[in-house]
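Engineer: just need the structure, nothing else, for what follows:
(2 chains)
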There are 2 protein chains.
Amino acid sequence: LLRAGVDIGGTKCLGVVVDDAGAVLREERLSTPAGADALLDVLDAVAVVLSPYDSFGVGAAGLVSIDGVWRAAPNVTGVWDFPVGARLAARLGHPVAVDNDATCAALAEWQAGAAFGASDVVLVTLGTGIGGGIVSGGRLMRGANGFAGEPGHMVVDPNGPPCVCGRRGCWERYASGSGLARLAREAATGGRLARVVALAGDAEAVRGEHVQFAAREGDHEALLVIDQWAWWVALGLVNLTNLLDPEVVVMGGGLSGAVDLVLAPVRRHFADLLYAPGHRRHPRIEMAALGEQAGAIGAALLVEAHA
Amino acid sequence: LLRAGVDIGGTKCLGVVVDDAGAVLREERLSTPAGADALLDVLDAVAVVLSPYDSFGVGAAGLVSIDGVWRAAPNVTGVWDFPVGARLAARLGHPVAVDNDATCAALAEWQAGAAFGASDVVLVTLGTGIGGGIVSGGRLMRGANGFAGEPGHMVVDPNGPPCVCGRRGCWERYASGSGLARLAREAATGGRLARVVALAGDAEAVRGEHVQFAAREGDHEALLVIDQWAWWVALGLVNLTNLLDPEVVVMGGGLSGAVDLVLAPVRRHFADLLYAPGHRRHPRIEMAALGEQAGAIGAALLVEAHA
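Structural biologist: Now for the predicted structure:
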């Protein structure tokens, strides 16, 4: 069977066709437009290039309800409460499966990537925010609304910094890419991180990339900030592990380019923080293997995962 | 079919036989002894009273691994790393299913209690600590080790009070029965809670029962502590809901006698704290319906849930 999937991102729509093993046979990418009708045009155009295919799925950032309605779309303009599944199915003349992009990435990494062969998997995407997806007992977890696997707004410190969601101390305030930048700016405005500030030009201009660059040079203070950030990543992964008891934890998203810097400290802090460490097999902690195609590959695998 | 189940608690072993609808037909209780061999004798005696039955399950507090080994037993002496499933099966001459007691309670409340008819359920037991169990997509969640559904050691404040597990700020330090007592003692030693202190005799002697008693009298300060405690309960339930997206959240355990005091404030704080509240059906938040038999009823239903 040929399975087509499209990942609707904030800047581009990335489509793939995969074979039975999840290997990518064809790929197409077009810019993501603003507005629901323009988006349908683009998805239609991607579908034409991907043809022929036997099934079609879509992954989308934000909250996607179980009936294929895109309830909240933080990165794409004009598509809140948009029934993308039904509208696209009418347009293309065949069924369309829809789910959250990080849930698609979890499905892909489980079926064809870093968690291949496991039955219980948690994936988190560390980018501007934090997304997630869960496989439990060999099945994709969906939840009553279809919103299962949203770890970014897990509160890990009720007195922490304010979050866009209106509460305080959500995990993504610490452990996302913007969390790394925030930790670095705190250190920089406190008079530390001289090399990072020199790279950025100004303490307020410090971004995660500057920290990563300095850390790769061996800058000790930058490595300390990376370690502090890795501690917060590990803390959330431990919370997820207490609840879900996965065999594999996969870290993906925009920060996967920092793999060589963060994987070792995240693993070390995770082992320190894990509950009842002597009584369990610890989950493997792995970086995502499928890169930017993960969401599209998972979208292509949705039809069977939703069955 | 007649299904037998035994809940091994810190003070008693409670056994039941249930019918196909989960209704209790027979019950037996014996004191829980110290030591593995004495415990097997007691379970054997309970099984004799419960006979005849077609299947047999056991629920046990602590960490129960997927192969039926009781890895950690905080409330029962002498049974750490005890292969209770295999040993009891050899003794009784038939298979025995084993799982965590709160996971059994979740199974029971889902099949025959407060969450009947739902497909996605989270149960938490609020007692000395906090246990839990998860039903996802109409299946009991087990996890790679069998440890899924342990929310008590979710860290909700890394700078919070030390926990028995070695970390700080675990949810059960705030939201369990002992968490309520701790919040009350903090208020009492800070010069508040005059009525509660009068009931307890001394600020350091304040327990959750004193707060509940004063709150039922209408004591304003006691009600404020109940509300503060309910806020912490709700915070954790929101974290669980972000991850698991349940249709029903069930609160059980030793505090279920406080239902009339806590249910309303927990529901109110939950609605305030929920992520993306306008984009989802909110889960129902219910008190457990099966009382102290929940664990035993769930144990009786384990064989089919594990199949």
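
Engineer: show me the contacts for the residue in the stretch 51-200 of chain A that chain B sits nearest to.
Structural biologist: Nearest residue of the stretch 51-200 of chain A to chain B: residue A:143, at 2.5 Å (CB to the nearest CB). (C-beta placed from N, C-alpha, C; glycine too.) Applying CB atoms under 8 Å, 6 or more residues apart in numbering or on different chains, we find residue A:143 in contact with A:66, A:149, B:120, B:136, B:244, B:245, B:246.

Engineer: ok, 7 Å please
Structural biologist: Contact partners of residue A:143, counting by CB atoms under 7 Å, 6 or more residues apart in numbering or on different chains, are B:120, B:244, B:245.

Engineer: hang on, it in a helix?
Structural biologist: No. Residue A:143 is assigned coil when assessed by DSSP: H, G, I helix; E, B strand; the rest coil, not a helix.

Engineer: now do the helices in the stretch 151-300 of chain A.
Structural biologist: A:172-175, A:177-189, A:194-200, A:208-217, A:220-244, A:259-273, A:294-300 (DSSP state H, counting those that start in this stretch).

Engineer: deepest of those, which one?
Structural biologist: helix A:294-300 (a mean of 34; mean count of other CB atoms under 10 Å in any protein chain shown).

Engineer: can you redo the contacts of residue A:143 as TSV with distance to chain A?
Structural biologist: As requested, the contacts of residue A:143 are arranged in TSV below (distance: CB to the nearest CB, whole Å):
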residue	distance to chain A
B:120	5
B:244	6
B:245	2
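
Engineer: make TSV out of those and add pLDDT.
Structural biologist: Compiled in TSV, the contacts of residue A:143 are given as follows (pLDDT from 0 to 100):
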residue	pLDDT
B:120	98
B:244	98
B:245	98
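
Engineer: out of the helices of the stretch 151-300 of chain A, nearest to residue A:55?
Structural biologist: helix A:294-300 (7.6 Å; CB to CB).

Engineer: contact partners of the closest one?
Structural biologist: Outside helix A:294-300, the residues that touch it by CB under 7 Å, 6+ apart are A:3-7, A:14-18, A:22, A:24, A:57-59, A:101, A:104-109, A:112-113, A:252, A:288, A:290.

Engineer: stretch A:37-47 now?
Structural biologist: Outside stretch A:37-47, the residues that reach it (CB under 7 Å, 6+ apart) are A:4, A:6, A:13, A:15, A:28, A:30, A:32-33, A:56, A:79, A:87-88, A:91-92.

Engineer: picking that back up, which pLDDT does the model give the residue of the stretch 51-200 of chain A closest to chain B?
Structural biologist: With respect to pLDDT, residue A:143 scores 97.

Engineer: ok, it to residue B:225 distance?
Structural biologist: Taking CB to CB, to the nearest Å as the measure, residue A:143 falls 33 Å from residue B:225.

Engineer: mind checking the SS state of the residue nearest the centre of chain A?
Structural biologist: Centre of chain A computed as the mean C-alpha position; nearest residue by CA atoms, centre = their mean is residue A:125, 2.5 Å away. Put simply, residue A:125 is strand when judged by three-state DSSP.

Engineer: identify the bridge partners of it.
Structural biologist: Taking DSSP bridges as the rule, residue A:125 bridges to residue A:131, residue A:252.

Engineer: for chain B, what's the nearest residue on the stretch 201-307 of chain A?
Structural biologist: residue A:245 (2.5 Å).

Engineer: show me the contacts of stretch A:37-47 that map onto helices.
Structural biologist: If you go by DSSP state H, the contacts of stretch A:37-47 have A:87, A:88, A:91, A:92 in helices.

Engineer: give me the below-cutoff pLDDT ranges for chain A.
Structural biologist: Confidence mapping of chain A against pLDDT under 70 gives the ranges A:256.

Engineer: turn the contacts of residue A:143 into CSV, including distance to residue B:49.
Structural biologist: Below are the contacts of residue A:143 laid out as CSV (distance: CB to CB, whole Å):
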residue, distance to residue B:49
B:120, 36
B:244, 38
B:245, 41
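
Engineer: ok, and what's touching stretch A:249-267?
Structural biologist: Against stretch A:249-267 from outside (CB under 7 Å, 6+ apart): A:105, A:109, A:114-115, A:121-128, A:177, A:212, A:215, A:226-227, A:230, A:233-234, A:237, A:241, A:283, A:285-288, A:294.

Engineer: what parts of chain A come near chain B?
Structural biologist: A:63, A:71-72, A:120, A:136-137, A:139, A:141-145, A:147-151, A:153-158, A:165, A:167, A:235, A:239, A:242-247, A:273, A:275-276, A:279-281, A:283 (CB under 7 Å from any CB of the partner chain).

Engineer: ChimeraX command to pick out the buried ones of these?
Structural biologist: To isolate the buried ones among the residues of chain A next to chain B in ChimeraX, judged by 16 or more other CB atoms under 10 Å in any protein chain shown, type:
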select /A:63,71,72,120,136,137,141,142,143,144,145,147,148,149,150,151,153,154,155,156,157,158,165,167,235,239,242,243,244,245,246,247,273,275,276,279,280,283
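
Engineer: related to what we said a few turns ago, of all the helices of the stretch 151-300 of chain A, which lies closest to residue A:83?
Structural biologist: Within these, the stretch nearest residue A:83 is helix A:294-300; the backing value is 16.9 Å (CB to CB).

Engineer: what's the next secondary structure element after that closest one?
Structural biologist: Next helix or strand after helix A:294-300 toward the C-terminus (DSSP states H and E): helix A:302-306.

Engineer: quick one: contacts of that following helix?
Structural biologist: A:3, A:5, A:55, A:57, A:97, A:99, A:104, A:107, A:140.

Engineer: try 8 Å this time
Structural biologist: With CB under 8 Å, 6+ apart, helix A:302-306 has contacts from A:3, A:5, A:55-59, A:95, A:97-99, A:104, A:107, A:139-140, A:142.

Engineer: now the buried members of those.
Structural biologist: In the contacts of helix A:302-306, the ones that pass as buried (16+ other CB under 10 Å) are A:3, A:5, A:55-59, A:97-99, A:104, A:107, A:140, A:142.
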